[in-house]
Structures are given as structure tokens and as C-alpha cells.
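# Sequence below, structure please.
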Amino acid sequence: MVFRFLLAFSVVLLVLPTASGQLLLDEQFDGNAVDTSVFTFSSTGDESFFGRTQLNSPALSAFTGFPEVSNGTLKLRLQTFNPFGSAAGNLFLGDEIRTREIFAPTSNAGVRYEIRSRFVDDASNPLSPGLVGGMFTFGLDSMFPAVFQRDEIDIELLSNFAQDGVLTNVFDDQGFTSGGNVEGILLANYDATDFNDYRIDLETDVIRFFVNDVLIREEFATLAIEPQDFRLNINAPDASFGLAFDDSLQPTADPNLNEIFIFEVDSLVISRINSVPEPGAGSLLLGWGLMLLGRRRRNS
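Now for the predicted structure:
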């Protein structure tokens, strides 16, 4: 797997906003529990495992409870003790929520995903290396002959690089052995333990990634545009995910030694956007040239 790192300022010459349209989901996590009319959870099959992490699920026999919602945020937990049989001492236990509704762009309307989130790093929950905070779309492509091909668009926070930047990835009709089309983005004055605004604009011909309203990546080649839900989770990957793995983080078989790490989400907003071409730097320069030409003509 090849990871390509880009400087965020190399792309900020592009015009950023796209006209917003219909609001599809506005979740501010202002209640005291996960809204199960809006969100669902992992099953107990293969999809419930991320590297060294098993996703917590109400379908498990000793379900440890839904993620906490309090003080206006969702608190997704990664626990070092997993109580489920042979998983104890071998696997972490992570939280994930998924939208019940699925979303897809059309020829004249894209989909915008906006997330405000952070890793918690304080005295009661110090941040550990080896964690991934995931914000991503996901859809299995059942119409294809190969089993378990999927579309997926990711923004991932890596605690190993909490002050450096984010990881972005796109899978288009690819299986689970594929590394996808991945890019790591270096960001100036960034800290994943602060609340930041993350955004994905998905249109039929382009995917755009933003951090704090700054465009950090445009993807035109790998386009995951089939119907997908949206997911938020925290997990601890294995050594195959080298950038995110850290051997010092290990699960425990002793419940008294359980440590809890938190990926906190302040809001998730999903909306339709009008698919209007956004001019790049060349178009901007052309506009300036025409403006200056008009001034000269008026002054002559």
C-alpha cells in the first residue's frame, strides 16, 4: 500500500463553497442517547472486525451498552478489555454507529457530509498511539459477481499523527484486500485533539475533501457513487495498517485493567448540494485577467 502525502496549502487556490440544498440529516447529539430511529449498529459477522478490534453490537450476548451521548456530543469508545469469550486479551472492543438511511449523488445533486469531531486527550482519558477515528461512507455492491465488493469514502484521524494531518481514502467496487486510493494530507496548525470540521462533497464526477473549510483533496478517478450509509467509529488496527498501528497498545484479559479511549463527535450533518462546477485556480486567474482588461478599456 502506497501512501502519498500532500501539503494542504497546495490546493487552497480552488474555490471552496458549493451551493447547499436539501437538508437530509442534522444530528447535533443534544439528547441523552443514540437516536436508534436514525442510527443502527454493527452485526456480529465479518464486517464487525477492524484489524484488532471487534465492534460492539447489541447482537452480542454480553452487550456492554450503546455509546454515550451527553453534553452535546457522541462519545465513541475503544476499550482494551473485550468481554466476549476468546476475544478477551486478543481483541479490543470499539464503538460504531451507522445511518439507517443511505445516500447517493445524482446528475444534478451531490451529497455533502459534515462532521465535527476530535480525539479526547485529557487526564481521565489520555490519548494513546495506535488509534483510528473513522468517518466514512459504506455500501456493499451486491450486484457485482465478486463477493464483498464495496464503495467507501474515508476521512480517518490517526492518533500516531494527531498533530500532522488526516488520511483520506476511496474504494470503488473494490474488495477487502484492496488498499483503495489513499492519500495522507499534511495540515499546518492542526491538532486532532481539538474539534475540527471535516467535510466530504460527493458528486457523480468528483469527490472533494475539506478540513476546516479548506479543500485538501479532489478525486476524479476513483468515484464511489453508489448508495451508501454513513458511519462513525473508533478502532485499533493491526500491523497491516502500518501508519496507524502501534505495538505499545495491547488488549487485556483483565477487566480491572480496562482502558477507554474516546473519539468524540459534536455533530453530523448530511445535505444535498447543487452540482455546479467549481472553478479552479486557472479559472480564477482568467477572471482576474478579464476584470483588468475591462478596467483598461473603460480608462482608455
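# mind checking how far residue 248 is from residue 180?
27 Å (Cβ to Cβ, to the nearest Å). Heads up, the C-betas are built off the backbone N, CA and C, glycines and all.
# what pairs with the most centrally placed residue in the chain across the strands?
Residue closest to the average C-alpha location in the chain (Cα atoms, centre = their mean): residue 135, at 2.0 Å. Bridge pairing for residue 135 (DSSP bridges) gives the partners residue 155, residue 232.
# I'd assumed residue 152 was in contact with it.
No. In this structure, residue 135 is not within contact of residue 152 by Cβ atoms under 8 Å, at 11.4 Å.
# Residue 78 and residue 28, how far apart?
23 Å.
# for residue 190, that is, sorry about that
When residue 190 is compared with residue 28 (using Cβ to Cβ), they lie 24 Å apart.
# More neighbours: these two, which one.
residue 190 (18 against 13; other Cβ atoms under 10 Å).
# quick one: the more buried one from residue 264, how far?
17 Å.
# Surely residue 208 is in a strand?
Yes. According to DSSP: H, G, I helix; E, B strand; the rest coil, the state of residue 208 is that of a strand.
# any idea which element the closest residue to it other than its chain neighbours lies in?
In this structure, residue 208 finds its nearest non-sequential neighbour in residue 201, 4.2 Å apart by Cβ to Cβ, 6 or more residues apart in numbering. Taking DSSP states H and E as the definition, residue 201 sits inside strand 196-203.
# elements contacting that strand?
strand 109-119, strand 132-140, strand 150-158, strand 206-211 (3 or more Cβ pairs under 8 Å, 6 or more residues apart in numbering; DSSP states H and E).
# that older thread, in contact with the residue nearest to residue 208: list those residues for me.
18, 110-112, 207-208, 210, 273 (Cβ atoms under 8 Å, 6 or more residues apart in numbering).
# Go through those and name the one nearest residue 83.
The closest of the contacts of residue 201 to residue 83 turns out to be residue 111 (Cβ to Cβ; 37.4 Å).
# and that closest one, bridged to which residues?
According to DSSP bridges, beta-bridge pairing links residue 111 with residue 202, residue 272.
# what do you get for the one 5 residues further on?
Beta-bridge partners recorded for residue 116 (DSSP bridges): residue 197, residue 267.
# Any idea how many residues pack against it?
With other Cβ under 10 Å as criterion, residue 116 counts 19.
# does it really touch residue 211, like I thought?
No. In this structure residue 116 lies outside contact range of residue 211 using Cβ under 8 Å: 11.2 Å.
# Need the residues touching each of the two.
Contacts common to residue 116 and residue 211, judged by Cβ under 8 Å, 6+ apart, are 196-198.
# Mind putting the residues you listed into a markdown table with distance to residue 164 and neighbour count?
Converted to a markdown table, the shared contacts of residue 116 and residue 211 look like this (distance: Cβ to Cβ, whole Å; neighbours: other Cβ atoms under 10 Å):
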| residue | distance to residue 164 | neighbour count |
| --- | --- | --- |
| 196 | 13 | 18 |
| 197 | 18 | 15 |
| 198 | 15 | 21 |
